[in-house]
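Colleague: Attaching a predicted model along with its sequence, questions to come.
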Amino acid sequence: MLKEDRQVIHLEIKETGEHHYFGSVSALFAVYEDLMGIKFQTFRAKAKDIFTEDTPFENEKVIVRKGKLKTIGHSSKLIHLE
């Protein structure tokens with residue numbers, strides 16, 4: 001059974017090719033604001049209408065993409081992996 005999709009924010013750092021994943025834009029900025037090349041409040045103001053799953057945010061330093069994380073529901077029984 002699929003649960004409700006959760007948002008995932010994908011950060012690609014252009015200089016290093018690193019990829020990082022966050023549950024929110026605010027979590028991303030809490031860790032990487034200095035790297036982003038834009039302040040959090042400015043990002044929110046500029047990106048609120050254009051930052052979608054189809055339209056990533058990109059500047060000379062980073063690419064930030066929005067997506068959905070698919071999860072499954074678990075029954076109340078514990079699942080043991082061996």
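Modeller: Everything's here; your move.
Colleague: Poorly predicted segments of the chain, please.
Modeller: In the predicted model of the chain, residues 1-4, 74-82 satisfy pLDDT under 70.
Colleague: how far does the longest helix seen in the chain sit from the chain's center?
Modeller: The residue-count maximum for a helix in the chain (DSSP state H) belongs to helix 25-36. Its chain's C-alpha centre and that of helix 25-36 lie 10 Å apart, by CA atoms, centre = their mean, to the nearest Å.
Colleague: Now residue 50: closest residue in space, sequence neighbours ignored.
Modeller: residue 57 (7.8 Å; CB to CB, 6 or more residues apart in numbering). For the C-beta atoms, the positions are set from N, CA and C on the backbone; glycine is no exception.
Colleague: phi, psi of that neighbour?
Modeller: Per-residue torsions, residue 57: phi -90, psi 130 (degrees, to the nearest 10).
Colleague: How about residue 53?
Modeller: According to degrees, to the nearest 10, residue 53 has phi -60, psi -30.
Colleague: Could you do the one 10 residues further on as well?
Modeller: When read as degrees, to the nearest 10, the backbone of residue 63 gives phi -130, psi 130.
Colleague: Report the contact partners of it.
Modeller: Residues in contact with residue 63, defined by CB atoms under 8 Å, 6 or more residues apart in numbering, are 11, 12, 14, 56, 57.
Colleague: List the contacts of the residue lying closest to residue 19 once chain neighbours are set aside.
Modeller: Counting by CB to CB, 6+ apart, residue 12 is the residue found nearest to residue 19 once chain neighbours are left out, at 5.5 Å. Residues in contact with residue 12 (CB under 8 Å, 6+ apart) are 18, 19, 62, 63, 64, 65.
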